[in-house]
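Chemist: model the following, please.
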Amino acid sequence: MLEGLIPLRELDEAALAALAAEAELEEYPAKTVVARRGVNDRYVRYVLSGEVLVVGNDGSRRSLIGMGNAAIAAEPLGLEDPCPFNAIACTEVKLICLSRERIEEQLNARPLFEYQVDEVAGADGTAGDHLFCQLIQDLMQDRLALPSMPEIALRVRQAINDPNAGANEVARIIQADPVVAARIIQAANSATFAGQKAAGSLNGAIVRLGLKTVREVIVAATMHGVFQTKHSLLRRRMMELWTHSTVVAAISTVLSRKLRGFNPDLALLAGLVHDIGVVPILAHAHDYDELTQDPELLESTITAYRGQIGAMILRRWNFSDELITAVLEAEDWYRTHESQADYADLIIVSQLQSYSGTEASRHYPSLDELPVYERLGLTELGISERTPILEEAHEEIAAVQRLLSG
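Modeler: Okay, here's the model as predicted:
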């Protein structure tokens with residue numbers, strides 16, 4: 001129940017269970033104050049059900065909406081002490097109350113990263129090394145502004161993980177964002193999922209797609225907002241990163257349908273997030289003049305650290321180990337292992353296929369020479385350096401890209 005909440009999503013199952021055992025429940029009628037700016041409080045609260053209006057010091061307003069165990073509002077009320085805002089119940093609300101002290105104890109008890117920061121870069125390290133050191137230090141001390149999965153995606157994932165949730169519950173969450181709702185209907189009526197009759201309603205679209213597919217489509221539909229930077233010199237590189245990610249996601253989705261043992265929805269997600277570790281590097285690179293002025297140094301920094309940073313982000317987002325492995329090993333072209341082909345293999349092939357026929361292809365190994373070529377059985381599919389899947393399935397790939405781009 002607590003696993004998708006901020007900042008509890010960083011805790012393991014045992015820590016979450018310990019907090020859940022101590023949780024208390026509060027109820028407030030409509031039009032009552034549930035939090036006051038400047039007041040100290042020993043509790044952190046989450047909206048379990050109902051709607052709470054949060055009014056900031058600058059007059060800004062936002063609503064936190066809970067829909068029961070299937071979709072608790074992920075953002076906490078009063079994580080900072082004293083409280084920096086006022087909050088008013090718009091409807092009857094139920095709040096989950098957790099001890100601030102116990103949350104801090106559990107967060108502080110988390111194991112540190114696998115290696116010490118001073119092992120990464122010495123005094124003579126490059127700007128890229130020092131950037132990575134800074135990112136690690138900020139992560140350890142909860143100062144790192146890692147990309148956040150959009151709120152609606154978190155709430156839908158949480159709802160679908162509830163065995164009692166159905167299309168109606170998920171539809172109520174999605175209806176709060178008309179753009180995302182339109183994308184779900186668009187996906188249901190796309191060539192991939194379309195039936196004889198168009199899905200004209202959100203509920204009909206959800207039923208046609210299935211809850212698990214809806215979960216991944218929503219992440220895909222909202223992911224573009226993660227690939228952002230305020231620095232104009234790095235914005236073009238971030239746009240290139242997003243374009244590459246959508247192409248790889250489209251290829252991996254189509255390829256997964258031709259291979260055994262892969263879920264196309266997970267393949268789509270793996271393609272989209274395989275370079276998520278590049279986002280914080282680009283977002284923070286402007287703090288180091290050497291990186292903004294030396295494109296080669298920036299690219300070498302990305303190559304060195306994209307996987308490790310990407311794995312940090314996916315762990316924070318509570319993604320599966322198979323997707324974390326895909327992020328860590330997506331650039332390991334000569335990767336060997338004794339297990340069955342996995343999503344890292346799929347992303348390796350999809351990336352190489354995305355470069356096929358372009359000038360960039362000369363910087364990468366030939367697909368036919370790599371262990372993954374036999375492991376995935378691409379010979380039987382007739383896919384090779386000379387006959388890429390881009391040619392055979394051009395329309396399918398284009399359809400997936402249109403879905404991702406809206």
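Chemist: quick check: I302 touching P280?
Modeler: No - counting by CB atoms under 8 Å, I302 does not reach P280; the two are 10.7 Å apart. (C-beta placed from N, C-alpha, C; glycine too.)
Chemist: looking at those two, which is more packed in?
Modeler: P280 (25 against 21; other CB atoms under 10 Å).
Chemist: ok, then the element right after the helix or strand that that one is a member of?
Modeler: Under the criterion of DSSP states H and E, P280 resides in helix 278-284. Of the helices and strands lying after helix 278-284 in sequence (DSSP H and E), the nearest is helix 289-293.
Chemist: quick one: contacts of that next one?
Modeler: By CB atoms under 8 Å, 6 or more residues apart in numbering, the surrounding residues in contact with helix 289-293 are T126, A127, G128, L131, H231, L233, L234, A285, H286, L297, L298, T301.
Chemist: how about 7 Å then?
Modeler: For helix 289-293, the external contacting residues (CB atoms under 7 Å, 6 or more residues apart in numbering) are A127, G128, L131, L233, L234, A285, H286, L297, L298, T301.
Chemist: pLDDT score assigned to the first one?
Modeler: Translated: A127. You'll see A127 listed with a pLDDT of 80.
Chemist: ramachandran coordinates for it?
Modeler: Torsion angles at A127 (phi, psi; degrees, to the nearest 10) stand at phi -60, psi -40.
Chemist: thought it was touching D287?
Modeler: No - A127 lies out of contact with D287 (CB atoms under 7 Å); the separation is 9.1 Å.
Chemist: more neighbours, those two?
Modeler: A127 (20 against 13).
Chemist: mind splitting the protein into its structural domains?
Modeler: Annotated domains of the chain cover 8-108, 151-222, 227-405 [automatic domain parsing].
Chemist: and of these, who's closest to M1?
Modeler: Each of the domains of the chain has some distance to M1 by CB to CB; the shortest is domain 8-108, at 5.5 Å.
Chemist: mind checking the end-to-end distance for that closest one?
Modeler: 12 Å (CA to CA, to the nearest Å).
Chemist: avg pLDDT for that domain?
Modeler: Domain 8-108 comes out at a mean pLDDT of 86.
Chemist: what's the offset of it from the middle of its chain?
Modeler: 23 Å (CA atoms, centre = their mean, to the nearest Å).
Chemist: one more: stretch 183-192?
Modeler: Counting by CA atoms, centre = their mean, stretch 183-192 comes out at 21 Å from the chain centroid.
Chemist: one more: stretch 197-216?
Modeler: Put simply, stretch 197-216 sits 21 Å off its chain's centre (CA atoms, centre = their mean).
Chemist: quick one: the helices in the stretch 151-300 of the chain, in order.
Modeler: Per DSSP state H, counting those that start in this stretch, the stretch 151-300 of the chain carries helices over the ranges 151-160, 167-174, 178-188, 202-209, 211-222, 232-258, 264-273, 278-284, 289-293, 295-316.
Chemist: reformat those as a markdown table; add mean pLDDT.
Modeler: Formatted as a markdown table, the helices of the stretch 151-300 of the chain follow (pLDDT from 0 to 100):
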| stretch | mean pLDDT |
| --- | --- |
| helix 151-160 | 78 |
| helix 167-174 | 85 |
| helix 178-188 | 80 |
| helix 202-209 | 86 |
| helix 211-222 | 78 |
| helix 232-258 | 87 |
| helix 264-273 | 87 |
| helix 278-284 | 87 |
| helix 289-293 | 84 |
| helix 295-316 | 86 |
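Chemist: out of those, deepest packed?
Modeler: Most buried of the helices of the stretch 151-300 of the chain, by mean neighbour count (mean count of other CB atoms under 10 Å): helix 264-273, with a mean of 25.
Chemist: kindly format the C-alpha coordinates of that helix as PDB.
Modeler: Extracted C-alpha coordinates of helix 264-273, given in PDB (Å, rounded to 0.1, in the frame of the first residue of the first chain):
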ATOM      1  CA  PRO A 264       5.700  -6.200 -25.900                       C
ATOM      2  CA  ASP A 265       4.500  -3.700 -23.200                       C
ATOM      3  CA  LEU A 266       7.700  -4.300 -21.200                       C
ATOM      4  CA  ALA A 267       9.800  -4.100 -24.400                       C
ATOM      5  CA  LEU A 268       8.300  -0.700 -25.100                       C
ATOM      6  CA  LEU A 269       9.100   0.500 -21.600                       C
ATOM      7  CA  ALA A 270      12.600  -1.000 -21.700                       C
ATOM      8  CA  GLY A 271      13.300   0.900 -24.900                       C
ATOM      9  CA  LEU A 272      12.000   4.200 -23.500                       C
ATOM     10  CA  VAL A 273      14.000   4.000 -20.300                       C
END
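Chemist: which parts of the stretch 1-150 of the chain are helices?
Modeler: According to DSSP H, counting those that start in this stretch, the helices that the stretch 1-150 of the chain contains are 13-22, 100-108, 127-140.
Chemist: ends of stretch 66-74, what's the gap?
Modeler: 9 Å.
Chemist: now stretch 378-394
Modeler: Stretch 378-394: ends 17 Å apart by CA to CA.
Chemist: about what we covered before: what's the closest of the helices of the stretch 1-150 of the chain to I347?
Modeler: Per CB to CB, nearest to I347 of the helices of the stretch 1-150 of the chain: helix 127-140, 22.3 Å.
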